[in-house]
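Chemist: A structural model of the following input is requested.
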Amino acid sequence: MAQKAPQLIGCRYRRLRLFAAVASLALASAAWAVDDFAAEVFRNDSITINAGLAVDSSQVVHFGDVLSMIVTIAWDPGAVAVPEPDAGFFTAAWPESEGIVLADFRVRQSTAPGPRKNRLHARYDFQVLGCPDEQATCPGDTVYPLPEFRLEIRQRNAADAEAATELVRFRPWPELLTVVSTMTRDAENQLYPFETYFPTGGYPDPLTGTDGTRASVLTAGIALAILIGGLLMWPFRSRAQRESATETPRWQKLLQDLRDDDGENEGRFLDSLRRCLVWYCNDELAIDPFVWLDLAEPGDDTHEDKDHVELRAVFVELLHSPTGRSNELMKKLDDLIGQGGRA
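Modeler: Numbering: from 1, shown residues only. As a prediction, this is how the structure comes out:
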């Protein structure tokens, strides 16, 4: 009996290894099965194409979400030759100018039984980061029509070179992608004031603590100290007010820091540019610049804020893909508000 125990343990160990291997294969197959699940969008005698967005019908899509487009091609290698699609296959149909940015793509080839035994599976991960049709702003829910994709294949048994090339056109399913706005709006579909979205001005919420057993006594002591201190400092109050009146505004300090910044950290530099512009608008113009996003596009005389056209244009540029334009945007802002200027 003692001799059979090691054999029994070894048998169970081999079964566990076999089970783990089968499970791993099943998981890998399931992952590609999800990729294969796309609507058929093209078929002829030698090739079949399935293409679509890997988005659940109940999924709510917002700006910046990473989405995937699946393309599966099955073809008869004796009849046609199919090139492996690359990143250009996606960007040629859906360029960044339409607000779509390709993040990554993967391609895998395989074979399967049947006449269309060659298989190609492509997955394109992308993000919606801009407005369609090169609009400066797109408030509310936005709809992006899926473009027509083109794949050039070659007929192996064509009579001449011109007839050998065939251009296959297809449009993935669904044909429309809806991106939901993440910013709540009022009954008239207008933005609320800046403080509604950022009640602490963009800074973290203050920390809270529990009251001690002598909280009331401590509060009374602090109040008494403030009262006495206020009475003692009253003669110096007018002097402090005169000194504070000549203090440099916060946006001017930040503007000077930006002039001295080498711009090596572009993300921090652009964030400081945005903050400087917002502070200038709040302190000097008493304007919340975010209300400009609800105005019509520049050039519309019926709704545009005609008093601050150039400043508003710089504000919109700072909010939409300013990467690589730090020096240009800094010069524009400095020309408008530097040296005591007014936009």
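Chemist: residue boundaries of the strands in the stretch 51-200 of the chain?
Modeler: 66-75, 80-81, 100-111, 118-128, 142-145, 149-155, 165-170, 176-179 (DSSP state E, counting those that start in this stretch).
Chemist: among those, which comes closest to residue 309?
Modeler: Checking these against residue 309 by CB to CB gives strand 142-145 as the closest, at 24.9 Å. Bear in mind the C-beta positions are built from the backbone N, C-alpha and C, glycine included.
Chemist: now do the buried residues in the closest one.
Modeler: Residues of strand 142-145 classed as buried under the neighbour-count rule (16 or more other CB atoms under 10 Å) are 142, 144.
Chemist: returning to that earlier point: need the strands of the stretch 51-200 of the chain in JSON lines (columns: mean pLDDT).
Modeler: Output for those, formatted as JSON lines (pLDDT from 0 to 100):
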{"stretch": "strand 66-75", "mean pLDDT": "95"}
{"stretch": "strand 80-81", "mean pLDDT": "92"}
{"stretch": "strand 100-111", "mean pLDDT": "94"}
{"stretch": "strand 118-128", "mean pLDDT": "95"}
{"stretch": "strand 142-145", "mean pLDDT": "90"}
{"stretch": "strand 149-155", "mean pLDDT": "92"}
{"stretch": "strand 165-170", "mean pLDDT": "92"}
{"stretch": "strand 176-179", "mean pLDDT": "89"}
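Chemist: next, format those as TSV and append distance to residue 283.
Modeler: Putting the strands of the stretch 51-200 of the chain into TSV (distance: least, CB to CB, whole Å) gives the following:
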stretch	distance to residue 283
strand 66-75	39
strand 80-81	66
strand 100-111	35
strand 118-128	35
strand 142-145	33
strand 149-155	51
strand 165-170	55
strand 176-179	34
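Chemist: looking at those, spot the one closest to residue 328.
Modeler: It is, among the strands of the stretch 51-200 of the chain and with distance given as CB to CB, strand 100-111, at 20.9 Å.
Chemist: may I see the buried residues of that closest one?
Modeler: Here strand 100-111 shows 100, 101, 102, 105 as buried, counting by 16+ other CB under 10 Å.
Chemist: ok, that strand: who's next to it in the sheet?
Modeler: Sheet partners assigned to strand 100-111 using DSSP bridges are listed as strand 118-128 (antiparallel).
Chemist: and the angle for the strand it pairs with with strand 66-75?
Modeler: 160 degrees (axes from the mean of the first three to the mean of the last three CA atoms, to 10 degrees).
Chemist: output strand 118-128 as PDB, nothing but the C-alphas.
Modeler: Only the C-alpha atoms of strand 118-128 are listed here, as PDB (Å, rounded to 0.1, in the frame of the first residue of the first chain):
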ATOM      1  CA  ASN A 118      -6.400  31.200 -44.400                       C
ATOM      2  CA  ARG A 119      -7.500  33.500 -41.600                       C
ATOM      3  CA  LEU A 120      -6.400  36.900 -40.500                       C
ATOM      4  CA  HIS A 121      -7.400  38.500 -37.200                       C
ATOM      5  CA  ALA A 122      -6.700  42.200 -36.600                       C
ATOM      6  CA  ARG A 123      -7.600  44.300 -33.500                       C
ATOM      7  CA  TYR A 124      -7.300  48.100 -33.600                       C
ATOM      8  CA  ASP A 125      -7.400  49.900 -30.200                       C
ATOM      9  CA  PHE A 126      -8.300  53.600 -30.500                       C
ATOM     10  CA  GLN A 127      -9.600  56.600 -28.500                       C
ATOM     11  CA  VAL A 128     -12.100  59.300 -29.300                       C
END
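Chemist: now do the helices in the stretch 1-150 of the chain.
Modeler: Assignment of helices within the stretch 1-150 of the chain using DSSP state H, counting those that start in this stretch yields the ranges 4-36, 87-93.
Chemist: lowest-confidence stretch among the ones you listed?
Modeler: Least confidently modelled of the helices of the stretch 1-150 of the chain is helix 4-36, at a mean of 47 by mean pLDDT.
Chemist: now stretch 280-287: mean pLDDT?
Modeler: 89.
Chemist: right, and residue 153 touches residue 169 too?
Modeler: No. Between residue 153 and residue 169 there is no contact under CB atoms under 8 Å: 11.4 Å.
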